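>>> give me the fold of what follows.
(one chain, ligands or ions: 1)
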Amino acid sequence: MKKRTYIEDLGKHIGEEVVVKGWVSVRRDQGKMVFFDFRDMTGTVQGVVLPQSAAIETAKETRLEYVVSITGKVNERPEKNKNSKIQNGDIELEVLEMTVLAKAEPLPFDMSIEGFNLDLTTELDHRALTLRHPRLQAIFKVQAVIIDEFREYMKSQKFFEFQAPAIAPATAEGGAEVFEIKYFDKKAFLTQSPQLYKQIVMTAFERVFSVNKVFRAEPSATTRHLTEIVSLDAEMAFIDSWHDVRDMSEATVRYILLQLEKTCAKELEFLQATLPVMIEKTPTLSLTEAQDKIFEKTGRDVRGEKDLNPEDERSLCEIIKDETGSDFVYVYGYPTRQKPFYVYPNPDAPEFNEGMDLLCRGVEWLSGGRRINNYEQLLEHVATWGMDPHKIEMFLEAFRYGVPPEGGFAFGAERMTMQILGLKNIREATMFPRDMHRIDGLLTHGEDGTPSA
Ligand code: AMO
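Below is the predicted model:
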């Protein structure tokens, strides 16, 4: 049996006979001859079955998404048929033999590059199929690179990767957005964030990161919220101030963008995406300064509000882009009670904390900041926040035994993907999105109210 040649390598085999395996993406039956586009994990190539080919009968019966094995000859295209804009635009595979490895049912919609134009609901309902389209593949390739390069950068900075648990006895982030699970005859929670665990692990390894699923029982269906998220988390000891955390997160983004530019040029072009601009020093404003700016530029008075709402985030990003050219902006100094219990209050103005968010193109990508490292102060916050210290005993124990000044941050991988690619809905940037209405398919409710897929 001849070894398989990947489609991306065909150009190196002009004049040779090769074996190609893949799917039929395009089929044009021109009576005597049949033309195809074949697709494998490395790309596409045009194939032609000539009238005298032993494969002509099979080619006549072959339909879209059939899986085939082909023996063919790699021919250079005549000069007038060359197309430098597409992959393998200078060659063609002359099909000599063709075996159908698996048949496919007729497609429920147009999957061609030009004709693929589904509303989001249909796209998601048929994820098993739409995932085969180059547009979707480009999106998830970019996402894979974002996650990979987060890892790479963290490791280059001596961060240690750990696996965070998904089941926890208590919630870290507070609020109602938590999934309670039946844990045998007890109650437990799906982790909203590896926050408490990354802080514990940091007390042993100094610099730690994790790439893991987190769960938020978001009761609203917005374009930026999911119930299951890939969280890119980091935590670092021995910081001098929250600025160190800010700088580390900024450097991480800068590295990821640079790597995307290097490795995903094809995908970015295909998706007509332009990478967000990160200038030398990302503008950093306190919440109060941000609110003043929004008031000054838009007339909308949000001064004194506890947080920025989505409209404020969009306005602020537009203003900063206009003023500085930066697509990014950090906002810090939120009201202390607005953020979780572990965030460090500003010693000079304890009603505000040293927590920060990074916004890009109108959406929050990241939260982070300095944490409380003093055990007594932590206990005070636990009490003020009305938490049960027994439920977070493991976390508290770490803080009884010497913890340096520290901080950290977390990116949402889907939000990054969405904003980098200019997608309108976070579900487009999520392979199998979960929200209050969907787990794979839309949820319908049975008579007793239990959801069924
Ligand atoms: P936070 O709750 O802000 O911070 O979450 C961090 C980042 O995760 C993403 N994110 C979401 N993405 C989609 N749908 C959601 N429902 C959703 N919720 C959050 C966002 C957000 O910026 N423990 C802190 C992080 C830290 O301080 O280190 C935390 O979880 O991109």
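
>>> ends of stretch 27-41, how far apart?
This stretch, stretch 27-41, spans 19 Å end to end (CA to CA, to the nearest Å).

>>> quick check: buried residues in that stretch?
Neighbour-count burial for stretch 27-41, counted by 16 or more other CB atoms under 10 Å, picks out 27, 34-40. (Each C-beta comes from the backbone N, C-alpha and C, glycine too.)

>>> give me the pLDDT for the closest residue to residue 407 other than its chain neighbours.
Leaving aside its chain neighbours, residue 407 sits nearest to residue 245 (3.8 Å; criterion: CB to CB, 6 or more residues apart in numbering). Reported pLDDT at residue 245 in the predicted model: 98.

>>> now do the one 4 residues further on
Confidence per residue is given as pLDDT, and for residue 249 that number is 98.

>>> how many residues are close by it?
Around residue 249 there are 25 other residues, counting by other CB atoms under 10 Å.

>>> and if you look at the one 10 residues further on?
Residue 259 has 17 neighbouring residues, counting by other CB under 10 Å.

>>> OK, now which residue of this structure is nearest to the ligand?
Closest to the ligand within the chain is residue 412: 2.6 Å, counting by CB to the nearest ligand atom.

>>> now that residue: how far from residue 147?
Taking CB to CB, to the nearest Å as the measure, residue 412 falls 11 Å from residue 147.

>>> got it, and residue 56?
For residue 56 relative to residue 147 (CB to CB), the value is 45 Å.

>>> go on, residue 9?
Distance, residue 9 to residue 147, by CB to CB: 27 Å.

>>> what does residue 372 give?
29 Å.

>>> out of these two, which sits in the busier spot?
Taking other CB under 10 Å, residue 372 and residue 147 do not tie; residue 372 has more neighbours (24 against 17).

>>> could I get the full set of helices for the stretch 201-350 of the chain?
Under the criterion DSSP state H, counting those that start in this stretch, the stretch 201-350 of the chain contains helices at 242-263, 265-270, 287-298, 310-324.

>>> nearest to residue 48, of the ones you listed?
Closest to residue 48 of these, according to CB to CB: helix 265-270, at 25.0 Å.

>>> which stretches in the stretch 1-150 of the chain count as strands?
17-30, 33-40, 43-49, 67-76, 91-102 (DSSP state E, counting those that start in this stretch).

>>> so of these, which one's packed in deepest?
strand 43-49 (a mean of 22; mean count of other CB atoms under 10 Å).

>>> give me the mean pLDDT for it.
The average pLDDT within strand 43-49 is 97.

>>> the closest residue to residue 338 other than its chain neighbours and residue 294, how far apart?
Spatially, and ignoring its direct neighbours in sequence, residue 338 is nearest to residue 306 (4.7 Å; CB to CB, 6+ apart). Residue 306 sits 14 Å away from residue 294, going by CB to CB.

>>> who in the stretch 301-450 of the chain is up against the ligand?
Within the stretch 301-450 of the chain, the residues that sit near the ligand (CB under 6 Å from any ligand atom) are 364-368, 408-412, 414-415, 426.

>>> scratch that, the stretch 51-200 of the chain
Contact residues, the stretch 51-200 of the chain versus the ligand (CB under 6 Å from any ligand atom): 173, 193, 195.

>>> which ones among the residues you listed are found in helices?
Counting by DSSP state H, these place residue 195 in helices.

>>> may I ask which of the residues of the stretch 51-200 of the chain next to the ligand has the most neighbours?
residue 195 (25 neighbours).

>>> which residues touch it?
Contacts were defined as CB atoms under 8 Å, 6 or more residues apart in numbering; by that measure residue 195 touches 172-173, 233, 340, 342, 410.

>>> try it again at 6 Å.
For residue 195, the contact set (CB atoms under 6 Å, 6 or more residues apart in numbering) comprises residue 172.

>>> what does residue 82 give?
Contact analysis of residue 82 by CB under 6 Å, 6+ apart lists 89-90.

>>> if I look at it, how far off is residue 50?
Residue 82 sits at a distance of 19 Å from residue 50 (criterion: CB to CB).

>>> leaving out chain neighbours, which residue sits closest to residue 230?
residue 413 (3.9 Å).

>>> count the residues that sit near the one you found.
By other CB under 10 Å, neighbour count at residue 413 equals 21.

>>> how about residue 437?
Residue 437: 12 surrounding residues under other CB under 10 Å.

>>> avg pLDDT for stretch 327-345?
Throughout stretch 327-345, pLDDT has a mean value of 96.

>>> can you give me the distance of the residue of the chain most remote from its centre to residue 67?
For the chain, the residue at maximal distance from the C-alpha centroid (CA atoms, centre = their mean) is residue 52, at 48.9 Å. In this view, residue 52 and residue 67 are 25 Å apart by CB to CB.
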